[in-house]
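*Asks:* 3D model of this:
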Amino acid sequence: KFRGGCLYSLCIMSGESTQPSHPAELQVTLRGGCHCKKVRFEVDTVSDLVVLDCTCSVCRMRRNTHFVVNSAKFRLTAGGEGDQISTYTYNTGQAKHKFCKTCGISSFYTPRSNPNDVGINVWCLDEPSEVQPPWSITKTILFDGKNWEQNIAQSGIQDMGKE
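*Replies:* Predicted coordinates:
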């Protein structure tokens, strides 16, 4: 099984389950952050990630391929709101796009769909190593964010991050 890079099985959102189909999921703590490493985080999740590729205007432009976790499973270990992190909002103002004030990278955000959870940009995770557990992308779900209101209910995104 391929680990730690780009393993895609792309599916178009069609009511298909967003949960991995395999029964045994390896729980891991993954680390990541921005390019200059002034913003760092840890997240407790599964090693086989189901990620979302949103097509809304901001996600498309910043290539936000992300997975959603409960906020209790996310820990900011370096940087901080107001210190090293700025927030960008637009349109409804519900999504809170966080980015590093130094390098401009947005490694996580608060999704509009899941305002009590955290969306993690998968490309901001550290590569697997002796200190970083292996991880892989097992499924990528294309979400039509351009037409957010028409697609959110049947997408299953709002169920992500639930305990």
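*Asks:* all helices of the chain, in order?
*Replies:* For the chain, helices defined by DSSP state H occupy the ranges 57-62, 148-155.
*Asks:* can you tell me which of these the model trusts least?
*Replies:* Ranked by mean pLDDT, these bottom out at helix 148-155, which scores a mean of 76.
*Asks:* Against which helices or strands is that helix packed?
*Replies:* With contacts defined as 3 or more Cβ pairs under 8 Å, 6 or more residues apart in numbering; DSSP states H and E, helix 148-155 has these neighbours: strand 136-143. In this view, the C-beta of every residue, glycine as well, is placed from N, C-alpha and C.
*Asks:* closest one to Q27 among the helices of the chain?
*Replies:* Of all these, helix 148-155 sits nearest to Q27, with 24.8 Å by Cβ to Cβ.
*Asks:* mind checking how far that closest one is from the chain centre?
*Replies:* Its chain's C-alpha centre and that of helix 148-155 lie 18 Å apart, by Cα atoms, centre = their mean, to the nearest Å.
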